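Novice: turn this into a model:
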Amino acid sequence: MSQSQQENKTVRHRLVSKAKGFIGRLWPRVRPVVGMPLIYIGVLLMVVFYFTNLTNYNLLLFLPLLLIALGIIGKVAADR
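Specialist: Modelled structure (predicted):
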C-alpha cells in the first residue's frame, strides 16, 4: 500500500470515529422526539408523491414507507 493510500485510510478512520462519537452523544437526547417527525415526514412525502403523480415508482415509494416504519419503531421505543 502506498503512502497516500495509507494516509487516506487513516483520515477516513478518524472521520468515521468522530462521527460515531458525535452520534453516540447526540442520540440519547434526540431519541425520545424522533418518532413522530419521521412519521409526519413519511406521510407528507407520500402525499407529495401522489399529487405529483410519482406513484408508479416502487423504489421511490419505499422511502416514505421506511420513514413511517422507523417513526413507529422510534415512537414505541420512546414510550416504553
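Novice: got a list of what the nearest residue to residue 45 once chain neighbours are set aside touches?
Specialist: In space, residue 45 comes closest to residue 64 once its chain neighbours are excluded; the distance is 4.1 Å by CB to CB, 6 or more residues apart in numbering. C-beta here means a position set from N, CA and C on the backbone, and glycine is covered the same way. Counting by CB atoms under 8 Å, 6 or more residues apart in numbering, residue 64 touches 41, 42, 43, 45, 46, 49.
Novice: packing partners for the helix or strand the third one falls within?
Specialist: Think residue 43. If you go by DSSP states H and E, residue 43 is part of helix 35-51. Contacts defined by 3 or more CB pairs under 8 Å, 6 or more residues apart in numbering; DSSP states H and E place helix 35-51 against helix 58-79.
Novice: returning to that earlier point: ok, and the most crowded of the contacts of residue 64?
Specialist: Using other CB atoms under 10 Å as the neighbour criterion, residue 42 leads the contacts of residue 64 with 20 neighbours.
Novice: that one touches residue 65, doesn't it?
Specialist: Yes: with contact defined as CB atoms under 8 Å, residue 42 counts as touching residue 65 (7.0 Å).
Novice: per-domain residue ranges of this structure.
Specialist: 1-30, 34-80 (automatic domain parsing).
Novice: mean pLDDT added to the ones you listed, as TSV?
Specialist: Converted to TSV, those look like this (pLDDT from 0 to 100):
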stretch	mean pLDDT
domain 1-30	80
domain 34-80	92
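Novice: quick check: the farthest pair among the contacts of residue 64?
Specialist: Using CB to CB, those reach their maximum pairwise distance at 41 and 49, which is 12.4 Å.
Novice: look up how far residue 24 lies from the residue nearest to residue 66 when sequence neighbours are not counted.
Specialist: The spatial neighbour of residue 66 that comes closest, neighbours along the chain excluded (CB to CB, 6+ apart), is residue 42 at 7.6 Å. As judged by CB to CB, to the nearest Å, residue 42 and residue 24 stand 25 Å apart.
Novice: repeat that for residue 35.
Specialist: 19 Å.
Novice: check residue 80 too.
Specialist: 20 Å.
Novice: more neighbours, these two?
Specialist: Set side by side, residue 80 and residue 24 show more neighbours around residue 24, with 9 against 4, by other CB under 10 Å.
Novice: that'll do, ta.
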